[in-house]
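Trainee: sequence and predicted model, in that order:
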Amino acid sequence: MTEQTKVLVIDDDPDIHAFCRLVLESAGYAVSVASSGAEGRTVMASARPDLVILDVMMEQADAGFDTAQWFAREFPGVPVLMLSSIADAADSLFDTSSLAVADLVNKPIAPEELLAKVKRLLARRARVE
């Protein structure tokens, strides 16, 4: 990699920030973090990440879904990987029919699975561009 691939992690849990930073930076990614959807939008505009990892439940129960919709409108080429403790139940709790995310997975996630998903989504993005 000549230029580091950038990942933005948006989650209100500092432990998730630390986990993602450790796993992703050890694999050579540059990681930015934000603690809310609003902060994530601001960081997105300045950091211009190649991929976003986004929590569902932050400042409001569905803040992640609202943020994902915003990303889909404003940055349609950037894949969004949603991590949530309620991923399995999301369809029954929220209207996810129009959810514009590349993948929705349960927390906790194993480091190897996180890296595999990030690599797969970035490879898919590269094929589309």
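Mentor: Arrived safely.
Trainee: now whichever strand or helix holds residue 116: buried residues?
Mentor: Per DSSP states H and E: residue 116 is located in helix 111-128. Within helix 111-128, the residues that count as buried by 16 or more other CB atoms under 10 Å are 114, 115, 117, 118, 121, 122, 125. Just so you know, the C-beta spots here come from the backbone N, C-alpha and C atoms, and that holds for glycine as well.
Trainee: and stretch 42-62, average pLDDT?
Mentor: The average pLDDT within stretch 42-62 is 87.
Trainee: which residue packs closest to residue 58, ignoring adjacent ones?
Mentor: residue 12 (4.4 Å; CB to CB, 6 or more residues apart in numbering).
Trainee: OK, contacts around the one you found?
Mentor: Neighbouring residues of residue 12 by CB atoms under 8 Å, 6 or more residues apart in numbering: 35, 36, 55, 58, 59.
Trainee: burial check on residue 32, number of neighbours?
Mentor: 19 (other CB atoms under 10 Å).
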